[in-house]
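Undergrad: fold the following.
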Amino acid sequence: MPAAKAQAVFRGLMLIDADPVADSVALDRLGLWALGHYSPIVAVDGTDGIVLDTEGADHLQGGELPMITGIVNLFRAKKLTAKVAIADTWGAAHACVRAIKRDTVIVPRGEIVRAVEKLPISLLRLPEKVVQDLRVLGFQTVGELSNTPRAPIALRFGPEVGRRLDQMFGRMSDPIDPIRTADLVAVSRSFQEPIGAAETINKYVGRLVVQLVAELEKRGLGARRTDLIIHKVDNTVQAIRAGTAKPARDVAWLTKLFRDRTEKIEPGFGIEKLELIAVSAEPLVQEQKASSLVEEETKDFTPLVDIFANRGQRVYRFAPFPSDIPERSVQRVSAVAEQSDVWWVRHWRRPVRLFDRPEQIQAIAMMPDYPPATITWRGKRHRVRKADGPERVFGEWWRTPNELEAVRDYFVIENDGGERFWIFRAGDGIDPETGSHKWFMHGIFA
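TA: Sure thing, here's the model as predicted:
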């Protein structure tokens, strides 16, 4: 609508001049970010979208649903709104993501027809003039257009309408031209005759790794995330991603990581080009080993971390975090992260198993400072034979206003069977503003 009318409808409306060039640059930056985090094959989709071929890479994020939920949450943390759709084809995902009202949608395999048949034809990635002319002829949805004989449509509008329909339904390939930057370290090998045998693929992958390591060494870099892009004769692309816990330039190790996964390559009618790209690289300085008559034993577990990570497992380490709240005193860090200077509280005993969330229990106790005489947890009654406490933990008022007056009183208790539990009462036992005075189980001692 005209700006004057918009200002009349919405009081205090802020008008900002459109900057398509800046928008395009920002979209390219988002694509490069997705290339490094989610998929080896990423391209810009129109003026407001990004397309990712995540087949074979989503398991590194815990699966399809955790991956797209994480993407939405990351954008939301940056005060950006994003919608994410997963489908068998680029065309179906392009249409569904622009039609949904919720944040995410996953189209089950083989369900493209049912998912897109009622969507408007404007989502077919056709020129606007073609869309308008089709609407004049009475076509409104993708299903109506797909059920119409092709010959009259092709005679009037050319092959583009049929091509877009075939790409959406997966009857025709829809190659993605992935984005690349000049600073990415990449090597490639083209073949006059297509290859397809596993031994041949492994042979040339090994040669590409040698070339890539040589290029990385020239720049003083080590690969953290490397993609093998397989270009097939039928104009389709497949990708395999291998990551390392720390920068690496070891030819034998990088070759092994890829050879362990080349069995997933489907050569089809043959492979005409292999491309190896270090999409994430970090500075790597060779360390001089101290000369000694006795070889020192080095315990490097990063190869094991790499094997698990490339099989789809999330490998991490627990580290202390400066907080008095027990469930906040632990954080996940990289398996090869440097040792932190922060240490856990040592002057009070802590359970070997801490629950993610405290579980409510029933307790009979004299307030405010006495431990329970009995507790009932998960339907089982325990008589308290010994107890130690209370240890008072105050809320972190700087995080949320609700914790300004909040306290917890922790007790270590032992039942008749010798089992020891870590329980707490929410509140000081006197003032209701300090907590609900309910009892919770928070951990188990060895």
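Undergrad: the longest helix anywhere in the chain: what's the following helix or strand?
TA: The helix spanning the most residues in the chain, taking DSSP state H as the definition, is helix 198-219. Downstream of helix 198-219, the first helix or strand assigned by DSSP states H and E is strand 221-232.
Undergrad: quick check: which element contains Leu126?
TA: Using DSSP H and E, no helix or strand contains Leu126.
Undergrad: ok, and the closest non-adjacent residue to it?
TA: Arg164 (5.9 Å; Cβ to Cβ, 6 or more residues apart in numbering). No exception for glycine: its C-beta is placed from N, CA and C like everyone else's.
Undergrad: which residues does the one you found contact?
TA: 91, 124-126 (Cβ atoms under 8 Å, 6 or more residues apart in numbering).
Undergrad: now do Gly63
TA: Taking Cβ under 8 Å, 6+ apart, one finds nothing in contact with Gly63.
Undergrad: cool, Phe440 as well?
TA: Per Cβ under 8 Å, 6+ apart, neighbours of Phe440: 358-361, 423-426.
Undergrad: and the helix or strand harbouring it, which residues are buried?
TA: Following DSSP H and E, the helix or strand that holds Phe440 is strand 439-444. Of the residues in strand 439-444, those buried under the neighbour-count criterion (16 or more other Cβ atoms under 10 Å) are 439-443.
Undergrad: can you give me the helices in the stretch 201-350 of the chain?
TA: 251-259, 302-310 (DSSP state H, counting those that start in this stretch).
Undergrad: which strands and helices sit next to the helix or strand of the chain with the lowest mean pLDDT?
TA: Least confident element among the helices and strands of the chain, by mean pLDDT, DSSP states H and E: helix 302-310 (a mean of 77). Contacts defined by 3 or more Cβ pairs under 8 Å, 6 or more residues apart in numbering; DSSP states H and E place helix 302-310 against strand 237-248, helix 251-259.
Undergrad: run through this protein and note the low-pLDDT ranges.
TA: Under the criterion pLDDT under 70, the flagged ranges of the chain are 286-299, 312, 342, 344-347.
Undergrad: what's the following helix or strand after the strand ranked longest in it?
TA: Criterion DSSP state E: the longest strand present in the chain is strand 380-394. Downstream of strand 380-394, the next assigned helix or strand under DSSP H and E is strand 407-415.
Undergrad: hang on, the earlier thing: could the helices and strands packed on helix 302-310 be laid out in CSV, adding distance to Arg378 and mean neighbour count?
TA: Listed next are these as CSV, based on distance: least, Cβ to Cβ, whole Å; neighbours: other Cβ atoms under 10 Å:
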stretch, distance to Arg378, mean neighbour count
strand 237-248, 39, 20
helix 251-259, 44, 18
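Undergrad: for those, give me TSV that also has distance to Ala223.
TA: Formatted as TSV, the helices and strands packed on helix 302-310 follow (distance: least, Cβ to Cβ, whole Å):
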stretch	distance to Ala223
strand 237-248	6
helix 251-259	7
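Undergrad: for those, which one sits closest to Arg385?
TA: Within these, the stretch nearest Arg385 is strand 237-248; the backing value is 46.8 Å (Cβ to Cβ).
Undergrad: ok and the closest one relative to helix 302-310, angle-wise?
TA: 150 degrees (axes from the mean of the first three to the mean of the last three Cα atoms, to 10 degrees).
Undergrad: so what are the sheet partners of strand 237-248 and their directions?
TA: Next to strand 237-248 in the sheet, as set by DSSP bridges, lie strand 221-232 (antiparallel).
Undergrad: off-centre distance for the helix or strand hosting Leu32?
TA: Leu32 is part of helix 20-37, with elements assigned from DSSP H and E. Distance of helix 20-37 from the chain centroid (Cα atoms, centre = their mean, to the nearest Å) equals 17 Å.
Undergrad: circling back to that earlier point, just the ones of the contacts of Phe440 in strands?
TA: 358-361, 423-426.
Undergrad: of all the helices and strands packed on helix 302-310, which one is nearest Val51?
TA: Val51 lies closest, by Cβ to Cβ, to one member of these: strand 237-248, at 12.3 Å.
Undergrad: now do the closest one: distance to the chain's middle.
TA: The answer for strand 237-248 is 15 Å, by Cα atoms, centre = their mean.
Undergrad: kindly report the same for stretch 49-61.
TA: 9 Å.
Undergrad: likewise for stretch 405-424?
TA: 37 Å.
Undergrad: for the helix or strand where Leu354 lies, packing partners?
TA: For Leu354, the host element (DSSP H and E) is strand 353-365. Helices and strands touching strand 353-365, by 3+ Cβ pairs under 8 Å, 6+ apart, are strand 372-377, strand 420-426, strand 439-444.
Undergrad: just put those in JSON lines and tack on distance to Ser173.
TA: Shown next, in JSON lines, are the helices and strands packed on strand 353-365 (distance: least, Cβ to Cβ, whole Å):
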{"stretch": "strand 372-377", "distance to Ser173": "59"}
{"stretch": "strand 420-426", "distance to Ser173": "59"}
{"stretch": "strand 439-444", "distance to Ser173": "55"}
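Undergrad: tell me which of the helices and strands packed on helix 302-310 lies nearest to Ile271.
TA: Across the helices and strands packed on helix 302-310, closest to Ile271 is strand 237-248 (Cβ to Cβ), at 8.8 Å.
Undergrad: about what we covered before: which of the contacts of Arg164 count as buried?
TA: 91, 124-126.
Undergrad: which of those lies closest to Glu263?
TA: For the buried ones among the contacts of Arg164, the nearest to Glu263 is Gly91 (29.7 Å; Cβ to Cβ).
Undergrad: may I ask which helix or strand encompasses that closest one?
TA: Short version, using DSSP H and E: Gly91 is in helix 90-99.
Undergrad: okay, now the sheet partners of the next helix or strand after that helix, with direction.
TA: Toward the C-terminus, helix 90-99 is succeeded by strand 104-106 as the next helix or strand (DSSP H and E). According to DSSP bridges, strand 104-106 forms sheet pairs with strand 84-86 (parallel).
Undergrad: got the buried residues for stretch 139-153?
TA: Neighbour counts over stretch 139-153 (16+ other Cβ under 10 Å) mark 139, 142-143, 145-146, 148, 153 as buried.
Undergrad: and stretch 331-342, by the same measure?
TA: Under 16+ other Cβ under 10 Å, the buried positions of stretch 331-342 are Ala335.
Undergrad: follow-up on the earlier one: CSV for the helices of the stretch 201-350 of the chain, including distance to Ile106?
TA: Below are the helices of the stretch 201-350 of the chain laid out as CSV (distance: least, Cβ to Cβ, whole Å):
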stretch, distance to Ile106
helix 251-259, 29
helix 302-310, 24
